[in-house]
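Participant: Provided below are the primary sequence and the corresponding predicted coordinates.
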4 protein chains.
Amino acid sequence: MDTAAKNRSLRVGILGAGRIGRIHTQILTRLGVKIVAIADPSTERGESLAREFGVSKFTTKTEDIFNDPSIHAVLICSPTDQHAQQIHQAAASKKHIFCEKPIALDLAIVDAAVNAVEAAGVKMMVGFNRRFDANFKRIRQAVVEGEIGSVGMVRITSRDPSAPPISYIKVSGGMFCDMTIHDFDMARFLVGAEVEQVYAMAQARDPEIGDAGDVDTAVICLKFANGVLGYIENSRVAAYGYDQRAEILGSKGAVSCENNYPNTVTVSTGKSIARDLPLNFFIDRYMEAYKDELEAFVEVCLNPTATPPVSGHDGRQALKLGLAATLSMKENRPVNLSEFDTPRMVGRL
Amino acid sequence: MDTAAKNRSLRVGILGAGRIGRIHTQILTRLGVKIVAIADPSTERGESLAREFGVSKFTTKTEDIFNDPSIHAVLICSPTDQHAQQIHQAAASKKHIFCEKPIALDLAIVDAAVNAVEAAGVKMMVGFNRRFDANFKRIRQAVVEGEIGSVGMVRITSRDPSAPPISYIKVSGGMFCDMTIHDFDMARFLVGAEVEQVYAMAQARDPEIGDAGDVDTAVICLKFANGVLGYIENSRVAAYGYDQRAEILGSKGAVSCENNYPNTVTVSTGKSIARDLPLNFFIDRYMEAYKDELEAFVEVCLNPTATPPVSGHDGRQALKLGLAATLSMKENRPVNLSEFDTPRMVGRL
Amino acid sequence: MDTAAKNRSLRVGILGAGRIGRIHTQILTRLGVKIVAIADPSTERGESLAREFGVSKFTTKTEDIFNDPSIHAVLICSPTDQHAQQIHQAAASKKHIFCEKPIALDLAIVDAAVNAVEAAGVKMMVGFNRRFDANFKRIRQAVVEGEIGSVGMVRITSRDPSAPPISYIKVSGGMFCDMTIHDFDMARFLVGAEVEQVYAMAQARDPEIGDAGDVDTAVICLKFANGVLGYIENSRVAAYGYDQRAEILGSKGAVSCENNYPNTVTVSTGKSIARDLPLNFFIDRYMEAYKDELEAFVEVCLNPTATPPVSGHDGRQALKLGLAATLSMKENRPVNLSEFDTPRMVGRL
Amino acid sequence: MDTAAKNRSLRVGILGAGRIGRIHTQILTRLGVKIVAIADPSTERGESLAREFGVSKFTTKTEDIFNDPSIHAVLICSPTDQHAQQIHQAAASKKHIFCEKPIALDLAIVDAAVNAVEAAGVKMMVGFNRRFDANFKRIRQAVVEGEIGSVGMVRITSRDPSAPPISYIKVSGGMFCDMTIHDFDMARFLVGAEVEQVYAMAQARDPEIGDAGDVDTAVICLKFANGVLGYIENSRVAAYGYDQRAEILGSKGAVSCENNYPNTVTVSTGKSIARDLPLNFFIDRYMEAYKDELEAFVEVCLNPTATPPVSGHDGRQALKLGLAATLSMKENRPVNLSEFDTPRMVGRL
């Protein structure tokens, strides 16, 4: 019950005042964590955020945060192409790191960042927030506690309500590294094993997305090292809202979850028995998960013996799966993850 | 988006540092409202709460709060028998009032308190938090928007996971005024009309509760002024958890809600298709409702034209229903609410 | 596995070729039972039914059936006012009897019919088909096997999709004896005890029904001899279809059922998550129950030691509850079932 | 209303008195169809079936059925390796044919049988009974009526409660041609298009099945000619029962179904909110579908202009998909269906 008081002892800096930076600022404020400063290239956006949550310092220079010795930890909420550089800076200034996913879109860059963190002896947690969702945690618990026996097959259904703008898609690194990367992490998390082989079948239902060189609909098969089979199903467009489900079949049963809804109400009329649409926006769907994620990060920062529940290795493996699925789709063949252990293959992409 | 900043302009005092006082303190802190002081007869309990949420002032004297001109509003979270007196004091010191239910267990006392509030020109909101629950709000919305035609019948199922201690039951005023009072308010809220007649059939399944002169299981029939029929079903003990549902039948359909669960997960084994128990604790079940309730109160305090969504009249009517149900049960006959319009009947209880 | 062959040894006669007579004829044909003859005052209706199911004999005279010594049993599917007379005739000719509910609308007449059956040493089963429904059987099983501890409260929700014609309502005996009688039987069946007291609150939402002296919406409270509380909720009009549910709260949990649907399909669009309406027609909803009911009757006829799962006593008790609810509504007071043990009270209705 | 009478004009013969022959005999009896004779190599089994359902003629010689000019149609319920030969015989004797799936395990044999049927001018319907299931029909209806826009992706989950005996597995033709063949047909039925490419990833979780050269767990990806993506997920073992679900994502929404249950009852205790297991046995699950299937066949036989809702072409295409999936798994590569258009590839398997 002294959690609130304890949280007030942690001093953090926020790098990036965009949508996700705003969410984290709000949550940290509610947790009572001391936000020392917010950095963002846009003065308007950064000052507005600082004002709203009573953060006393705003700066356009990230160095102001790295150089402030009173700050224990940073949250990297900047665009992806700045993540790795900021990880190196934070590690150099001995601050713990919370980094939004993905660390980078290049395996070599990810490796260097992860190594720098380890060398500096600071802790880094990667923002796979869905691991903290009550539904997925409960599925993992069923697996760990043997409620369904040994795992045989895992399914992940992950559909966005609508596609991002084409301008975003063009720089996103492709659907598998941008969107499916969450599902790859989820598959590893739920099964508790590494994937050995990937096969991806995909389509662009929306011709604009196809013209941009990307896909919007896909099925990805996974073969895990322990023999488990997995399949991820993605769509950029689900007219009824954000669709995030998983199901695991084990030797003694199965465990699955449904979507989250704004209420439990059913309206019955002469036409149908209907309920409202599931939560449509990822922030609504995962707000509790974001909160639990940051609570875990606060604990990681304050407790010397705590290790990050989502590590740099996790970030690396999810990216590798995204790259493998991309290659599989392009060459229409199953791809072994081991192909990415040689520099040549990495270059090939 | 400036809500957080706006909230920081409101200055409140908390009267009572018990369970509900703690909840409200936590929520107000997260909303950014300035809690100036907390008052409680127990120094240990009050100081601990103040320390946890960084409230700078604690006092054992409620006058310190009423006499502080910088405080705009008070939250009355004290035991029921102090509510009315504190309402009078708050009204006298021109502070807006949030009062936990019930205002009192005596209609004359309630009337005097409500009158004092009106005379003072301050605003008072009564803590029927369930009106802010997403499920019940959605049911009310279906009624208001005509989704199910004209209302014909309403059912409220309301079961506690376990009975309170016998010591509490003895001073509670009886199940109908203590527990069912929430359901009476809900019935009025959902239907949007007043009740004319009540009939209550009840039992004490637990002999200890019966020995204490109370019941733990009941069905209460309601006849509304507009002809709608209602029935409330209560139990002090539901082994599977907190059970709070409602259903309305209209001329064009029906609307109902289910309980809230900690997750949406189903575990299928060779024995059953099962999910975890619904949220068991009223604070978990209604945490969002408590938050929305206080957000509404903050708005009521800050916006001169805003009126309380739950008024003193609402508090009075729910109590009257509790008293009528108690009388109906004792005399095993339908009771008209009009019987409570004469002082004689009130004295009879 | 020789059931089909065994069934062919039973020879029955059908009294009444209306809707329910047609259902029973169809089911008995499928079960392989030998239908010797069908009797109905309408030659057209009776011959058409006989032709459709290959029944070789049709007659307008019920005596042809009672006097046929090759017939073991009769199914009384005639209008209610002929039931008692046909029971007496069947008993006199030593045939087993399946009688549709209600036996009659007058307790004295029911008593005489039940006594005649007992005196004749034949078996009589009353058509409370819902006892054979898989959902309600499963609820009863949960009670019997102690899955929910000792029973505390039972709820029965029973709503028809639409009201019958006013002409029917005028001769129906009133909603409680016509429609609720099924629910009274269900309450006794599920709880396994007798009811001592009844209180009914009712309304005519449809003015035409009110003008005909009947109601269409009601809540009926029941107090069982063993202290259990019950409440039945009825409506003649549920826009979304036939609504038949029950719920029991016990000391260790609760058991409830939902409606039956034509399929399990959900359609998710940008507007709602919807499923088709529940089964709308009572014959669709209870077809399996009708089949299981007649299978039970066939067993009762063929097995000398088998006793009817629904007895004449059951028919009598359900009627008594219907009469008590009618009286309670008229006099707006709780009514004890014992009031019906004196001839005077019966006459009063 | 004259359906029963009309059905009695159809005269059929049953080839095979095993499990499926028994089901069809029972259903045809209930439909009132005249079963002239049953043929089976086992006198004991065949006579027992004939006796139970009152079929007057039993024979061990199938010729007795083909040569009986009074028989209009035959139901081929014999082992798979006799299907093709019996189709040729039935076509030669100008009888309509209902043939259980698969027609054969060799494409050339299937082609010859289908051609013989067409040349003889009789009608043949293949026993993909699941097309007649209320859930899958409703999904197909949603697609056809545009309720979910244009189809983008289809998922079929198909799991058996337990694996068949190893002795059966060894002669089954492999899981894809034995079990998944139903799902391949379902995928074609639901989408209404042909599949162009297949990729299968599979495992034997049960080592005994692996030793027998087969698999028990699989994910199969499908690419349809119209660009739709599909995936089928199979398991030979689902501890909780027979699991048969499907889901389609379209441009305007999604449609999915759940399993069928023996009742709709929920039991809530201090441990869980649970319901009974889904229907465990395929005959229970699909009994209504089997009935509707045979009703469709009876209509095909009696109505000269009716065409079979499941044709020989459908049987051929499903087999081709089974063979393609088998090849894909063996060679771990995507397989184009066009590979099976050349005799060489067929021989290669």
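Facilitator: Arrived safely.

Participant: Tell me how many other residues surround the residue in the stretch 51-200 of chain A positioned nearest to chain C.
Facilitator: Nearest residue of the stretch 51-200 of chain A to chain C, counting by Cβ to the nearest Cβ: A:P161, 9.3 Å away. Just so you know, the C-beta spots here come from the backbone N, C-alpha and C atoms, and that holds for glycine as well. Neighbouring residues of A:P161 were enumerated by other Cβ atoms under 10 Å in any protein chain shown; the total is 20.

Participant: got a list of contacts for stretch A:47-58?
Facilitator: A:14, A:17, A:21-22, A:25-26, A:29, A:35-40, A:43, A:46, A:64, B:1-2, B:4-5, B:8, B:32 (Cβ atoms under 8 Å, 6 or more residues apart in numbering or on different chains).

Participant: Okay, buried residues for that stretch please.
Facilitator: For stretch A:47-58, a neighbour-count test (16 or more other Cβ atoms under 10 Å in any protein chain shown) marks A:E47, A:S48, A:L49, A:A50, A:E52, A:F53, A:V55, A:F58 as buried.

Participant: What about those, which are in helices?
Facilitator: The helices, defined by DSSP state H, take in A:E47, A:S48, A:L49, A:A50, A:E52 from these.

Participant: could you dump the residues you listed to a markdown table with pLDDT?
Facilitator: As requested, these are exported to a markdown table (pLDDT from 0 to 100):
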| residue | pLDDT |
| --- | --- |
| A:E47 | 95 |
| A:S48 | 94 |
| A:L49 | 95 |
| A:A50 | 95 |
| A:E52 | 89 |
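
Participant: from those, which single one is nearest chain B?
Facilitator: Once Cβ to the nearest Cβ is applied, the member of these that ends up nearest chain B is A:E52, at 5.1 Å.

Participant: For A:A91, give me its contacts.
Facilitator: Contacts of A:A91 (Cβ under 8 Å, 6+ apart): A:I97, A:A116, A:V117, A:A119, A:A120, A:V122, A:M124.

Participant: part of a helix, is it?
Facilitator: Yes: per DSSP: H, G, I helix; E, B strand; the rest coil, A:A91 lies within a helix segment.

Participant: how about the strands in the stretch 51-200 of chain A?
Facilitator: A:57-59, A:73-76, A:96-99, A:124-126, A:151-159, A:195-203 (DSSP state E, counting those that start in this stretch).

Participant: strands paired with the last one, and their directions?
Facilitator: Pointing back at strand A:195-203 there. strand A:217-224 (antiparallel), strand A:335-336 (antiparallel) (DSSP bridges).

Participant: mind checking how far the helix or strand just after that strand is from the chain centre?
Facilitator: The helix or strand immediately downstream of strand A:195-203 is helix A:207-211, counting by DSSP states H and E. Mean-position distance between helix A:207-211 and its chain equals 25 Å (Cα atoms, centre = their mean, to the nearest Å).

Participant: From the rest of the structure, what touches helix A:207-211?
Facilitator: A:A163, A:I166, A:I169, A:A204, A:V215, A:D216, A:R236.

Participant: Tell me the bridge partners for the nearest residue to the fifth one once chain neighbours are set aside.
Facilitator: Closest residue to A:V215 in three dimensions, ignoring its sequence neighbours and counting by Cβ to Cβ, 6 or more residues apart in numbering or on different chains: A:A202, at 3.9 Å. Beta-bridge partners of A:A202, counted by DSSP bridges, are A:A218.

Participant: I'd assumed A:M329 was in contact with A:A202.
Facilitator: Yes: counting by Cβ atoms under 8 Å, A:M329 is a contact partner of A:A202 at 5.0 Å.

Participant: so what's in contact with the two at the same time?
Facilitator: Common neighbours of A:A202 and A:M329 (Cβ under 8 Å, 6+ apart) are A:V215, A:A218.

Participant: Just list the residues touching the residue nearest to A:V215, thanks.
Facilitator: With Cβ under 8 Å, 6+ apart, A:A202 has these contacts: A:M175, A:V215, A:T217, A:A218, A:V219, A:M329, D:L229.

Participant: now do A:Y290
Facilitator: By Cβ under 8 Å, 6+ apart, the residues touching A:Y290 are A:I23, A:H24, A:I27, A:N129, A:F132, A:I283.

Participant: give me the element it is part of.
Facilitator: Judged by DSSP H and E, A:Y290 forms part of helix A:282-302.

Participant: tell me the contacts of the closest residue in space to A:G270 that isn't next to it in sequence?
Facilitator: Using Cβ to Cβ, 6+ apart and skipping the chain neighbours, the partner closest in space to A:G270 is C:A239 (4.6 Å). By Cβ under 8 Å, 6+ apart, the contact set of C:A239 is A:S268, A:T269, A:G270, B:I148, B:G149, B:G250, B:S251, B:K252, B:G253, B:A254, C:P161.

Participant: how much space is there between the last one and C:R236?
Facilitator: Here the criterion is Cβ to Cβ, to the nearest Å. By it, C:P161 lies 9 Å from C:R236.

Participant: Around A:I169, count how many other residues there are.
Facilitator: The number of residues packed near A:I169 is 22, by other Cβ under 10 Å.

Participant: Tell me which residues touch the residue most central in space within chain A, please.
Facilitator: By Cα atoms, centre = their mean, the mean C-alpha position of chain A lies nearest to A:F128, the distance being 2.9 Å. A:F128 makes contacts with A:K101, A:H182, A:D185, A:M186, A:F189, A:V310, A:D314, A:G315, A:A318, as judged by Cβ under 8 Å, 6+ apart.

Participant: And for A:C99?
Facilitator: A:I76, A:H83, A:Q86, A:I87, A:M124, A:M125, A:V126, A:G127, A:G315.

Participant: I'd like those residues as CSV, with neighbour count appended.
Facilitator: Shown next, in CSV, are the contacts of A:C99 (neighbours: other Cβ atoms under 10 Å in any protein chain shown):
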residue, neighbour count
A:I76, 28
A:H83, 27
A:Q86, 22
A:I87, 27
A:M124, 26
A:M125, 25
A:V126, 27
A:G127, 24
A:G315, 27
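
Participant: and which of the residues you listed is nearest to A:A274?
Facilitator: Of all these, A:A274 sits closest to A:G127, with 35.3 Å by Cβ to Cβ.

Participant: per-residue pLDDT, that closest one?
Facilitator: A:G127 is assigned 96 on the pLDDT scale.

Participant: Quick check, A:T269 in contact with B:S251.
Facilitator: No: using Cβ under 8 Å as the test, A:T269 is too far from B:S251 to be in contact (10.7 Å).

Participant: anything in contact with each of the two?
Facilitator: B:I148, C:A239.

Participant: The stretch 201-349 of chain A against chain D: which residues are in contact?
Facilitator: Listed as neighbours of chain D in the stretch 201-349 of chain A under the rule Cβ under 8 Å from any Cβ of the partner chain: A:201-203, A:205, A:217-219, A:221, A:223, A:227, A:229-231, A:233, A:235, A:237-240, A:243, A:249-254, A:332-334.

Participant: how many neighbours does the nearest residue to A:R8 once chain neighbours are set aside have?
Facilitator: Distance criterion Cβ to Cβ, 6+ apart; nearest residue to A:R8, sequence neighbours excluded, is A:G32 at 4.9 Å. Per other Cβ under 10 Å, the neighbour tally for A:G32 reads 20.
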